[in-house]
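> what follows is a predicted structure for the sequence shown.
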Amino acid sequence: MRSRFAPSPTGYMHIGNLRTAIFEYALTKKYNGDFILRIEDTDQTRKVDGAIEFIYETLQLCGFKIDEGPLNPGKYGPYIQSERLDLYKKYALDLVEKGKAYYCFCTEEELEEMRKKAALRNRPFSYDGRCSKLSKEKIAENLAKGIPYVIRQKMPKTGYTIVNDVIYGEIKIDNSILDDQILLKSDGYPTYNFANVIDDHLMNITHVIRGKEYLDQTAKYNLLYEAFEWEKPTYIHVAMVLGEDGNKLSKRNGDASFMDLYNEGYLPEAIVNYLSLLGWSPENNQEIFTMEELITNFDEKRISKSSSQYDAKKLQWFNHQYIKNMEDNKYLEWIEKYFENPDETKDEAWVKHLLLLYKNGLNYGKEINELVKDFYTDNYSINEECREFLNSDEIIPKVIKEFLNLIKEINWNVEEINNAIMQVKENVGAKGKLLFMPIRIVASGLMHGPELADTIYLIGKDKVIERLSNEVN
RNA sequence: GGCCUGUUGGUGAAGUGGUUAAACACACAUGCCUUUCACGCAUGCAUACAUGGGUUCAAAUCCCGUACAGGUCACCA
């Protein structure tokens, strides 16, 4: 089995594209097949520099192994369509020779006129095939004069074409809607559809996995395969991924691309895991799994026919799970990329302790900066709400005083701080909120924060003692 | 507009003819856990599978119509 992922080099990679790639990769690897990357750059106007490297980077981050592609060619290269122009022309001409395609010299203006006429009659535009009736002499003459041309395939006007799809079954497409499709554009580039068929055949692709938006168009592909008398691949069309508002994903809509998510601090493994569950589910109902597990459990029969909606919250939950399950060292190494250290002079161990403190609650990498903020600002003050709480019970001053006395004597570490808190509980008889909140407020000036003992430890012995002393006096 | 496809809760979904819970997960709500936030745990959350008909002893599951949603009809991919 051989499959191919064939993006256009137009920049970032969409979450929907990625999802399709994931399905494609999982299926291919399940059968020990080859996963090929082919760059479809037949539209020269939309090309973006560096996009190929970018696509490689994305796929590699996601854990894909590309068996053949422009940066690691196999024996079916080149893998960039703009480098295969001669091939397309040869095959297009081959079809002309066989009488299954023809030169078309119609100008943009002529086509525009036809479109207008069609619009007047409220009919969808369809090329009338006038150039297919040109005489041999006329064609030779036009060619000699260097008049620009395209090559169009003769399409049947009656009957229907059957498309077989693994997910959607047998689809009938009425031939009457099929235009004499352009194979070769006047700039010498092939159209997407044509290049696709030629390349898939030449590259020995056995399974075509792509978005459902191509389902109808597959009739055109089939007609091309038939014209060449080539064997058709197995088609697997997968339903689309919709944005959170239920509309098609688009950058304009502010929908996130893979790279956006990655830069926010989403782990590629979590993204892949989440995306693989959009429109597919494993039989064993497992929710968190690795790429390896995805591959072994993947079953194309369980791909859904209906489109699904992207849910940022659920992705966040997956990411959270993955962060929580990371080893501390890996976590620290990873979070480094997202942590914008506000104070380089802080002790390294102190920073590590702080970062680790939030590991279990972190949703995405950049979130750390927001969470950690209070430990870097020095505008300590006890606001009205806190003051009110401190005045709410007469046991509170005793708690503070006792805690102050105890921590003066201890070694400054989390365990001993914790012991001190427990000791206060015993000695003063305060518990729950009345025990913790006074200490927290006076030590940090805040009513919330992470674990109290850690918080106190990180604020530092001198500062905590100073604050408590001021409060006691 | 023609054609193609889809429709199970706020979301992802399981379920493809059978009794008296439509699984599971996210989200949400409430409660518990040494304070707050989070984590974790527990409980609750679709009188019902878009809708109307039909087939059947029996339908979310099969058939037809309707509605709605998406896709597609380029010298874009």
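Structure received. Just so we're clear, the structure is a prediction, and the values are computed from it rather than from any experiment. Numbers count the residues shown, from 1 in each chain, chains lettered A, B, ... in the order given.
> okay, domains of chain A per the record?
Structural domains of chain A, as assigned by automatic domain parsing, span the residue ranges A:2-81+A:241-309, A:84-238, A:326-375, A:384-472.
> quick one: the strands in the stretch 101-250 of chain A?
Along the stretch 101-250 of chain A, the stretches classed as strands by DSSP state E, counting those that start in this stretch are A:101-104, A:150-153, A:160-165, A:169-174, A:182-184, A:207-211, A:234-238, A:241-242.
> output the contacting helices and strands for the first one.
Contacts defined by 3 or more CB pairs under 8 Å, 6 or more residues apart in numbering; DSSP states H and E place strand A:101-104 against helix A:85-97, helix A:136-145, strand A:150-153. For glycine as for every other residue, the C-beta is placed from the backbone atoms N, C-alpha and C.
> could you rerun that using 7 Å?
helix A:85-97, strand A:150-153 (3 or more CB pairs under 7 Å, 6 or more residues apart in numbering; DSSP states H and E).
> repeat for the second one
Applying 3+ CB pairs under 7 Å, 6+ apart, we find strand A:150-153 packed against helix A:85-97, strand A:101-104, strand A:182-184.
> which parts of the helix or strand in which A:Ala453 is found are buried?
Secondary structure assigned from DSSP states H and E places A:Ala453 in helix A:452-459. Neighbour-count burial for helix A:452-459, with 16 or more other CB atoms under 10 Å as criterion, is recorded at A:Leu452, A:Ala453, A:Asp454, A:Thr455, A:Ile456, A:Tyr457, A:Leu458, A:Ile459.
> show me what counts as buried in the following helix or strand past that helix.
Proceeding C-terminally, helix A:452-459 gives way to helix A:461-472 as the next helix or strand, assigned by DSSP H and E. Buried positions in helix A:461-472, judged by neighbour count with 16+ other CB under 10 Å: A:Val464, A:Arg467, A:Leu468, A:Glu471.
> likewise for stretch A:29-43?
For stretch A:29-43, burial by neighbour count (16+ other CB under 10 Å) applies to A:29-30, A:33-43.
> ok, A:Ala195 - how many residues close by?
A:Ala195 is flanked by 25 other residues according to other CB atoms under 10 Å.
> next one: the one 10 residues further on
Around A:Ile205 sit 23 other residues, with neighbours defined as other CB under 10 Å.
> contacts only, for it.
With contacts defined as CB atoms under 7 Å, 6 or more residues apart in numbering, the neighbours of A:Ile205 are A:Arg2, A:Ser3, A:Arg4, A:Pro233.
> RNA strand B versus that one, what's the distance?
Separation of A:Ile205 from RNA strand B (CB to the nearest atom of the strand, to the nearest Å): 15 Å.
> contact residues of the stretch 151-300 of chain A facing RNA strand B?
A:168, A:171-174, A:177, A:179, A:182, A:185-187, A:189, A:191-193, A:212-217, A:239-240, A:242, A:246-248, A:277-281, A:283, A:285, A:287 (CB under 7 Å from any atom of the strand).
> put the buried members of the residues you listed into a ChimeraX selection.
Selecting in ChimeraX just the buried members of those, where the criterion is 16+ other CB under 10 Å, is done with this command:
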select /A:168,171,173,182,185,189,191,192,193,212,214,215,217,239,240,242,277,278,279,280,281
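> please name the nearest non-neighbouring residue to A:Cys104.
Take A:Cys104 and drop its neighbours on the chain: the residue closest to it by CB to CB, 6 or more residues apart in numbering is A:Cys131, 4.0 Å away.
> ok, the one you found - how many residues close by?
Other residues near A:Cys131 number 21, with proximity taken as other CB under 10 Å.
> is the worst-scoring helix or strand of chain A on mean pLDDT anywhere near RNA strand B?
Every helix and strand in chain A was compared by mean pLDDT, DSSP states H and E; the lowest is helix A:108-120, with a mean of 84. Yes: remark: helix A:108-120 sits within contact range of RNA strand B at A:Glu108, A:Leu111, by CB under 7 Å from any atom of the strand.
> give the other helices and strands that that helix contacts.
Helices and strands touching helix A:108-120, as assessed by 3+ CB pairs under 7 Å, 6+ apart, are absent.
> gap between that helix and the chain center?
Distance of helix A:108-120 from its chain centroid, counting by CA atoms, centre = their mean, to the nearest Å, is 40 Å.
> where in chain A is pLDDT low?
Within chain A, the set of residues satisfying pLDDT under 70 comprises A:252-254.
> ok, the nearest residue to A:Leu37 once chain neighbours are set aside - contacts?
Nearest non-adjacent residue to A:Leu37, counting by CB to CB, 6+ apart: A:Gly69, 3.4 Å away. A:Gly69 sits next to A:Ile36, A:Leu37, A:Tyr79 when contact means CB under 7 Å, 6+ apart.
> equivalent analysis for A:Arg19, please.
A:Arg19 is in contact with A:Val241, A:Leu275, A:Leu278, counting by CB under 7 Å, 6+ apart.
> can you tell me which of the residues you listed is nearest RNA strand B?
Sorting the contacts of A:Arg19 by distance to RNA strand B puts A:Leu278 at the head of the list, at 4.9 Å, by CB to the nearest atom of the strand.
> and for the closest residue to A:Gly159 other than its chain neighbours, the neighbour number?
Counting by CB to CB, 6+ apart, the nearest residue to A:Gly159 once its immediate chain neighbours are dropped is A:Asn175, at 5.2 Å. Here the number of neighbours of A:Asn175 (other CB under 10 Å) works out to 15.
> any idea how far A:Asn175 lies from RNA strand B?
For A:Asn175, the distance to RNA strand B equals 10 Å [CB to the nearest atom of the strand].
> cool, A:Asp260 as well?
Remark: distance between A:Asp260 and RNA strand B (CB to the nearest atom of the strand) = 19 Å.
> am I right that that residue is in a helix?
Yes: using DSSP: H, G, I helix; E, B strand; the rest coil, the assignment for A:Asp260 is a helix.
> quick one: is the host helix or strand of A:Phe54 near RNA strand B?
Here A:Phe54 sits within helix A:51-61, counting by DSSP H and E. No: remark: helix A:51-61 sits outside contact range of RNA strand B, by CB under 7 Å from any atom of the strand, the gap being at least 11.7 Å.
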